[in-house]
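Enquirer: Quick one: sequence and predicted model below, then my questions.
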Amino acid sequence: MAEAVWSTDTGEAVYRSRDPVRNLRLRVRLQRITSSHFLHYQPAAQLGKDLIDLATFRPQPTASGHRPEEDEEEEIVIGWQEKLFSQFEVDLYQNEAACQSPLDYQYRQEILKLENSGGKKNRRIFTYTDSDRYTNLEEVLGPLWP
């Protein structure tokens, strides 16, 4: 069973589990929320004094069945150290001249396979893994803002 420790100041959480880390799965959902989104979906009924049912804000299908926000949301389940390429990486590794390391060539092969099989499953959500050449400046330089 996971033990959760939650900090209300930063929104960070620590979960402890006895399961192997390879079993970890994260569901990530991005959804664009705009002021017009809230104006369009006025609450149908007040549940209490200041409470509104969350279903009120769920987009309703149009007469054709198309949800207007389909392009405005993305949801994906990511496994531990699973590589999801960003659009920048897809464009970069399609050019063989950009490959400098065996990992670059491996990523190039994976991207070519993805392109042949219909493209990647993500649009805006991407990941870095331990083997990627990514440096977090805050880890190197310390906090950027006092």
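Expert: In hand now; what should we look at?
Enquirer: sec struct for V14, please.
Expert: strand (DSSP: H, G, I helix; E, B strand; the rest coil).
Enquirer: Just the CA trace of the lengthiest helix in the chain, in PDB.
Expert: Longest helix in the chain, counting residues (DSSP state H): helix 102-116. The C-alpha coordinates for helix 102-116 follow below in PDB (Å, rounded to 0.1, in the frame of the first residue of the first chain):
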ATOM      1  CA  PRO A 102      24.500   5.100 -30.400                       C
ATOM      2  CA  LEU A 103      21.500   6.300 -28.500                       C
ATOM      3  CA  ASP A 104      20.800   9.000 -31.200                       C
ATOM      4  CA  TYR A 105      20.800   6.200 -33.800                       C
ATOM      5  CA  GLN A 106      18.500   4.000 -31.700                       C
ATOM      6  CA  TYR A 107      16.100   6.900 -31.300                       C
ATOM      7  CA  ARG A 108      16.300   7.500 -35.000                       C
ATOM      8  CA  GLN A 109      15.300   3.900 -35.700                       C
ATOM      9  CA  GLU A 110      12.400   4.100 -33.200                       C
ATOM     10  CA  ILE A 111      11.100   7.300 -34.800                       C
ATOM     11  CA  LEU A 112      11.300   5.800 -38.300                       C
ATOM     12  CA  LYS A 113       9.300   2.800 -37.000                       C
ATOM     13  CA  LEU A 114       6.800   5.100 -35.500                       C
ATOM     14  CA  GLU A 115       6.400   7.100 -38.700                       C
ATOM     15  CA  ASN A 116       5.900   3.900 -40.700                       C
END
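Enquirer: Contacts for that helix, please.
Expert: Residues outside helix 102-116 that contact it (Cβ atoms under 8 Å, 6 or more residues apart in numbering) are K83, F85, E89, V90, Y93, Q94, E96, A98, C99, K120, S131, D132. The way it works is simple: take the backbone N, C-alpha and C, and place the C-beta from them, glycine included.
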